[in-house]
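*Asks:* Need coordinates for the below:
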Amino acid sequence: MKACSALAELGHNVRLWTLGSNPEMPWEDLAKHYGVKNRFTVKWIADFPWPRGWMYSLRAVRAARRWRADLYYVWPYQAAALASRMGLPTLMELHDRPHGRMGPLLFRRFLSGGGARRVVITTKALLDWVKEFYAELLDPPSTIVAPNGVDLEPYHNLPTAEEARKLLDLPDRPTAGYTGHLYRGRGLDLMVELAHRHPEVNFLWVGGEETAVERWRARLEELELENISLLGFLSNEELPMVHASCDVLLMPYQGHIEGSSGGDTAAFASPMKVFEYLAAGRAILASDLPVIREILNESNSMLLPADDTAAWIEALGTLMSDPGQRSWLAAHAQEDASQYSWITRAERALGGLEG
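*Replies:* Numbers count the residues shown, from 1 in each chain. As a prediction, this is how the structure comes out:
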């Protein structure tokens with residue numbers, strides 16, 4: 001949704017064919033849910049339970065062909081392979097290594113097809129991996145790195161942390177925030193320990209599926225931890241104010257990060273929260289993983305060993321007691337965020353393909 005909104009803002013006529021049944025939501029509700037402002041057409045296509053993804057991809061490519069699309073901007077492997085083999089000009093966006101029996105085969109089919117024009121890869125680490133295993137097929141498609149991004153406008157002129165907490169009716173006390181899924185590998189146990197050791201700090205957890213949120217609420221009640229507030233899922237439109245209410249934003253990824261599909265994304269992830277945290281203009285505490293260092297560094301964040309709980313406890317205490325250091329890190333973070341807008345990303349993705 002963010003990528004399509006950015007393409008629409010550049011003046012392109014955009015249609016998104018997405019998997020599922022039409023929820024018949026008004027555009028205004030979709031826009032709020034995903035935090036997008038530029039309208040484009042969304043079409044829902046149902047799929048068969050097996051083979052997963054094939055009927056949806058076939059119908060989507062055929063629909064785009066009937067629409068006479070000039071460029072097929074594709075995420076699913078099946079659709080990328082089909083469009084490229086049909087000679088249709090295709091850009092594929094790659095967020096992880098091709099998996100399973102079919103992933104590598106379909107990626108090769110895309111690269112060797114007559115329609116392959118570009119591979120957009122979200123991290124340099126993933127690009128290096130692709131070059132190692134698919135070097136002989138990377139030409140003629142051009143391959144570029146384009147990390148995920150952030151809409152900068154909602155983060156302009158945010159209130160102070162104290163003002164934001166008042167607007168959101170949150171406790172007026174030092175606040176550390178985490179936004180994202182509640183999957184394994186996201187550092188949730190580490191944040192529980194931080195809450196134990198820093199009872200003076202209020203911790204905000206935003207996001208997670210309803211069952212996961214309820215499970216964690218029950219666990220925190222058992223632990224008698226009253227300084228962690230689980231806000232559950234919030235729309236993307238609401239996140240900037242939540243980020244603004246925090247003095248410190250936390251990203252305690254572990255060495256193994258579980259994604260929505262259950263795989264390990266620690267080596268190649270490009271989390272959108274990285275860019276949202278930067279844009280929020282708040283101090284960031286993050287795990288020192290190589291792929292995170294593609295965006296974060298010592299001038300825009302504090303980077304800590306993922307498994308060193310004592311270091312996290314000390315660093316959070318240091319930041320909470322030192323507003324000057326928080327302000328210094330926040331200023332550099334906000335400055336660096338300017339290079340990661342979704343618009344800049346869309347321009348880079350399409351550069352040279354619009355002729």
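*Asks:* Which residue ranges of the stretch 51-200 of the chain form helices?
*Replies:* 54-66, 77-85, 102-112, 124-134, 161-167, 188-197 (DSSP state H, counting those that start in this stretch).
*Asks:* which one of the ones you listed is the most hemmed in?
*Replies:* Of all those, helix 77-85 carries the top mean neighbour count, a mean of 25, counting by mean count of other CB atoms under 10 Å. C-beta coordinates here come from the backbone N, C-alpha and C atoms, glycine included.
*Asks:* could you give the angle of that helix to helix 102-112?
*Replies:* Counting by axes from the mean of the first three to the mean of the last three CA atoms, to 10 degrees, helix 77-85 lies at 20 degrees to helix 102-112.
*Asks:* contact partners of helix 77-85?
*Replies:* 53-54, 56-58, 60-61, 64, 72, 74, 90, 92, 98, 102-103, 106-107, 109-116 (CB atoms under 8 Å, 6 or more residues apart in numbering).
*Asks:* could I have that helix exported to PDB, CA atoms only?
*Replies:* In PDB, the C-alpha atoms belonging to helix 77-85 read as follows (Å, rounded to 0.1, in the frame of the first residue of the first chain):
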ATOM      1  CA  TYR A  77       7.300 -15.200  -7.200                       C
ATOM      2  CA  GLN A  78       4.500 -16.900  -9.300                       C
ATOM      3  CA  ALA A  79       3.400 -13.600 -10.800                       C
ATOM      4  CA  ALA A  80       6.900 -12.500 -11.500                       C
ATOM      5  CA  ALA A  81       7.800 -15.700 -13.300                       C
ATOM      6  CA  LEU A  82       4.500 -15.700 -15.300                       C
ATOM      7  CA  ALA A  83       4.800 -12.000 -16.400                       C
ATOM      8  CA  SER A  84       8.500 -12.300 -17.300                       C
ATOM      9  CA  ARG A  85       8.000 -15.500 -19.300                       C
END
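*Asks:* circling back to that earlier point, which of the helices of the stretch 51-200 of the chain sits closest to Trp312?
*Replies:* Nearest to Trp312, of all the helices of the stretch 51-200 of the chain, is helix 188-197, at 6.1 Å by CB to CB.
*Asks:* Would you mind writing the CA trace of that closest one as CSV?
*Replies:* Taking Å, rounded to 0.1, in the frame of the first residue of the first chain, the C-alpha atoms of helix 188-197 are listed here in CSV:
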residue,chain,number,x,y,z
LEU,A,188,9.9,-9.1,24.2
ASP,A,189,11.5,-11.0,27.1
LEU,A,190,14.3,-8.5,27.1
MET,A,191,11.8,-5.7,27.4
VAL,A,192,10.1,-7.5,30.3
GLU,A,193,13.4,-7.5,32.1
LEU,A,194,13.9,-3.8,31.3
ALA,A,195,10.5,-3.1,32.9
HIS,A,196,11.5,-5.1,36.0
ARG,A,197,14.7,-3.2,36.3
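*Asks:* Next, the spatially most central residue of the chain: phi, psi?
*Replies:* Residue closest to the average C-alpha location in the chain (CA atoms, centre = their mean): Met272, at 2.7 Å. As for Met272, its main-chain torsions (degrees, to the nearest 10) stand at phi -70, psi -20.
*Asks:* Could you measure from it over to Arg282?
*Replies:* With the distance defined as CB to CB, to the nearest Å, Met272 ends up 16 Å from Arg282.
*Asks:* the longest helix in this structure is where?
*Replies:* With DSSP state H setting the assignment, residue counts place helix 323-337 as the longest helix in the chain.
*Asks:* For that helix, name the packing helices and strands.
*Replies:* helix 272-280, strand 283-287, helix 309-320 (3 or more CB pairs under 8 Å, 6 or more residues apart in numbering; DSSP states H and E).
*Asks:* Any idea which of these gets closest to Glu221?
*Replies:* helix 309-320 (22.5 Å).
*Asks:* and the angle from that closest one to strand 283-287?
*Replies:* 170 degrees.
*Asks:* other SSEs contacting helix 309-320?
*Replies:* Against helix 309-320 (3+ CB pairs under 8 Å, 6+ apart) you get helix 188-197, strand 248-251, strand 283-287, strand 302-304, helix 323-337.
*Asks:* would TSV of these with mean pLDDT and distance to Arg15 be doable?
*Replies:* TSV is the format used below for the helices and strands packed on helix 309-320 (pLDDT from 0 to 100; distance: least, CB to CB, whole Å):
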stretch	mean pLDDT	distance to Arg15
helix 188-197	96	38
strand 248-251	98	34
strand 283-287	97	37
strand 302-304	97	41
helix 323-337	97	30
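*Asks:* Just put these in JSON lines and tack on distance to Ala176.
*Replies:* Shown next, in JSON lines, are the helices and strands packed on helix 309-320 (distance: least, CB to CB, whole Å):
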{"stretch": "helix 188-197", "distance to Ala176": "7"}
{"stretch": "strand 248-251", "distance to Ala176": "5"}
{"stretch": "strand 283-287", "distance to Ala176": "8"}
{"stretch": "strand 302-304", "distance to Ala176": "12"}
{"stretch": "helix 323-337", "distance to Ala176": "11"}
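*Asks:* looking at the ones you listed, which is closest to Arg39?
*Replies:* Taking these one by one with CB to CB, helix 323-337 is closest: 25.0 Å.
*Asks:* can you tell me which residues contact Ala130?
*Replies:* Quick fix: residue 130 is Val, not Ala. Val130 neighbours (CB under 8 Å, 6+ apart): 94, 97, 119, 121, 138, 143.
*Asks:* quick one, domains of the chain?
*Replies:* Annotated domains of the chain cover 2-150+341-350, 153-340 [automatic domain parsing].
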